[in-house]
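> could you work out the structure for the sequence below:
(one chain, ligands or ions: 2)
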Amino acid sequence: MIQVGLIGYGTVGSGVYERIHQSEELELLLGEPIEVKAILVKDRQKQRATHIPAIVTTKWEQFCEVAHYDVIFEAIGGIESAFFYSKHWLQKGVPVITANKKLVAEKGKELEEVACKQQTYYGYEASVGGGIPIINALKGTLSATSISRVSGILNGTTNYVLTEMTEHNRFLAEALTDAREKGYTESNPSEDLDGYDSWYKIRILSRLCFGEWPNGLQLIRKGISELEDWHVEVGEKFGFTIKLIGEAWKQGDSIVGGVYPAFLCQSEQLTYVNGVTNGISIEGDQIDQLLFIGPGAGKDATANSMIEDFLFHNRFGSWQRSYSSSSLVEHPYTHMLVCVTHTQREKALQWVKETGVEVIDTYTHHDGEGWIIANWIKGNLPFPHYPIYGDVSLRKRVKALYSAQFGTI
Ligand SMILES: NC(=O)C1=CN([C@@H]2O[C@H](COP(=O)(O)OP(=O)(O)OC[C@H]3O[C@@H](n4cnc5c(N)ncnc54)[C@H](OP(=O)(O)O)[C@@H]3O)[C@@H](O)[C@H]2O)C=CC1
Ligand SMILES: N[C@@H](CC=O)C(=O)O
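Ligands and ions are numbered 1, 2, ... in the order given. Below is the predicted model of the structure:
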């Protein structure tokens, strides 16, 4: 009998519990029964389902004494308690499977080292891309593939909210409430909206793709809460779609990139990744580009990843990737959309003159102007600006379509 300790019984934890107790194939695959012996939660007052046969407790000591656990599933948010719990079990040689990307990004290096020393497993498949099996694909079937760049839509909540706002004209607050009810959001939605969640995930992906844990300072973080409606509208008029993108690549010895709202041309496959769906692109010398698309959040998909992570460990042990160098990556985008309010226009014209950047198209909106700049400018710009990904020349066709439908723009 495989004895499971479950830490957290919210959206993800309850999904793990149900998956363990409602599927017969797990027992067949593992060759023995599997059972959740105890569940550790936080809130003593909370009403719980009465049918749970496991011991549900808020007391750590009691949780520790219930069984000799064969595996711990950790599905709580935050760092402090989760770190304490995870380290405790890893130090005892018990494998820990987590969905907690914040903990993995901030403390994964240390926890992996403990796991390695104790010859056990720290599994974090569910921490990136919800139901997408990206982590174990990188460790397993891509273990000898050199990777030059990783990028994608890494947060289900913001992608859901942006899709609802742009495709269905809904307000941010309304779409966010919906995402929360569906179990997609973090307990503090700022983690999603301000880009933290994607930022943790791109740091975890960087560790897998390039063999190092970048610290937070190495990668930029911008969320969607600073986005202005008119910037999105201007982008749409050019035929671009707004997405929150996370990306990282190697530049010399450093890992660079970050998380920021960006505009995608119609030529980009990620343009069509909508709602809670995530899309992760892996580029490398041998593979050109691989695209992983699937549910980025939610109970069933995330719980499934945690269960699969445990099975992966059972089958393959603790696999490692090799990190051979791959070709140098240039800036993945060449153009930018710069948004200038009417009062900033003169200053912006002066800036264009001084820097010699080439403005290849403009659009005038009620609140300001959008300028497509042909060059990518390094460093701080005095105006809100967004990278544009893909074939910018296609926008002419989109503009023509817009004009035919809605009048000249
Ligand atoms: N929701 C999703 O779609 C996804 C979430 N994740 C990650 O999974 C983790 C869990 O998320 P989710 O299930 O949505 O969160 P929830 O808020 O739904 O559930 C959190 C659970 O953890 C328990 N808990 C919180 N703090 C402690 C503590 N100190 N000690 C013991 N138990 C504690 C809570 O207890 P109580 O019930 O008493 O409140 C609750 O049962 C997070 O790290 C999140 O980032 C990853 C991928 C997808
Ligand atoms: N809040 C996260 C949950 C999954 O990681 C998201 O929306 O992607």
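> apart from its neighbours in sequence, what residue is nearest the residue in the stretch 201-350 of the chain that ligand 2 sits nearest to?
Closest to ligand 2 within the stretch 201-350 of the chain is A297: 3.7 Å, counting by C-beta to the nearest ligand atom. Backbone N, C-alpha and C define where each C-beta goes, glycine included. Sequence neighbours aside, G156 is the residue nearest to A297 in space, at 3.4 Å (criterion: C-beta to C-beta, 6 or more residues apart in numbering).
> one more: C64?
Per C-beta to C-beta, 6+ apart, closest to C64 is H88, 8.0 Å.
> could you list every residue that touches the residue of the chain found nearest ligand 1?
Ligand 1 sits closest to G10 of the chain, with a gap of 1.8 Å, by C-beta to the nearest ligand atom. By C-beta atoms under 8 Å, 6 or more residues apart in numbering, the contact set of G10 is A75, I76.
> ditto for G235
Neighbour list for G235: T241, I242, F263, L337, G370, Y386 [criterion: C-beta under 8 Å, 6+ apart].
> out of those, which sit inside strands?
Among the contacts of G235, the residues falling in strands (DSSP state E) are T241, I242, F263, L337, G370, Y386.
> buried only: go through the residues you listed for me.
Buried members of the ones in strands among the contacts of G235, scored by 16 or more other C-beta atoms under 10 Å, are T241, I242, F263, L337, G370, Y386.
> can you redo these as JSON lines with pLDDT?
Shown next, in JSON lines, are these (pLDDT from 0 to 100):
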{"residue": "T241", "pLDDT": "96"}
{"residue": "I242", "pLDDT": "97"}
{"residue": "F263", "pLDDT": "96"}
{"residue": "L337", "pLDDT": "95"}
{"residue": "G370", "pLDDT": "96"}
{"residue": "Y386", "pLDDT": "94"}
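> counting by contacts, list what the helix or strand where F84 lies packs against.
If you go by DSSP states H and E, F84 is part of helix 80-91. Applying 3 or more C-beta pairs under 8 Å, 6 or more residues apart in numbering; DSSP states H and E, we find helix 80-91 packed against strand 2-7, strand 71-74, strand 96-98, helix 101-117.
> most tightly packed of the ones you listed?
Each of these was scored by mean neighbour count; the highest is strand 96-98, a mean of 27, by mean count of other C-beta atoms under 10 Å.
> any idea what sits nearest E268, other than its immediate chain neighbours?
G390 (4.1 Å).
> can you give me the neighbour number for that neighbour?
G390 has 22 neighbours, counted by other C-beta atoms under 10 Å.
> can we start the residue count at 702 from this point?
Got it, first residue is 702 now, which makes that one G1091.
> list the contacts for A1075?
T1035, H1036, V1058, E1059, V1060, I1061.
> sorry, back to before: and the ones in strands among the contacts of G936 as CSV, adding distance to ligand 2?
Converted to CSV, those look like this (distance: C-beta to the nearest ligand atom, whole Å):
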residue, distance to ligand 2
T942, 18
I943, 17
F964, 21
L1038, 25
G1071, 28
Y1087, 21
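> any idea which of those residues is closest to Q763?
Nearest to Q763 among these: I943, at 48.5 Å, using C-beta to C-beta.
> is that closest one in a bridge, and if so with what?
With DSSP bridges as the criterion, I943 is bridged to F964.
> give the contact list for it.
Counting by C-beta under 8 Å, 6+ apart, I943 makes contact with L863, T867, L928, V933, G936, E937, P962, A963, F964, L965, Y1087.
> now with 7 Å?
Taking C-beta atoms under 7 Å, 6 or more residues apart in numbering, we find I943 in contact with L863, T867, V933, G936, P962, F964.
> check D1001 too.
So D1001 contacts G716 (C-beta under 7 Å, 6+ apart).
> same thing but at 8 Å, please
Neighbouring residues of D1001 by C-beta under 8 Å, 6+ apart: G716, R720, G832.
> just I703 next, same as before
Each residue near I703 by C-beta under 8 Å, 6+ apart is listed here: L731, E733, P734, I735, E736, D771, V772.
> the helix or strand containing the fifth one pairs with which strands, parallel or anti?
Just to be clear, that refers to E736. Using DSSP H and E, E736 sits in strand 735-741. Partners of strand 735-741 in the sheet, by DSSP bridges, are strand 703-708 (parallel), strand 756-758 (parallel).
> give me the contact status of the last one with ligand 1.
If I follow you right, that is strand 756-758. No: Strand 756-758 lies out of reach of ligand 1 by C-beta under 6 Å from any ligand atom, never closer than 9.1 Å.
> looking at the ones in strands among the contacts of G936, which two lie furthest apart in space?
T942 and G1071 (14.4 Å).
> quick check: residues of the stretch 952-1101 of the chain near ligand 2?
Residues of the stretch 952-1101 of the chain lying close to ligand 2 (C-beta under 6 Å from any ligand atom) are G997, A998.
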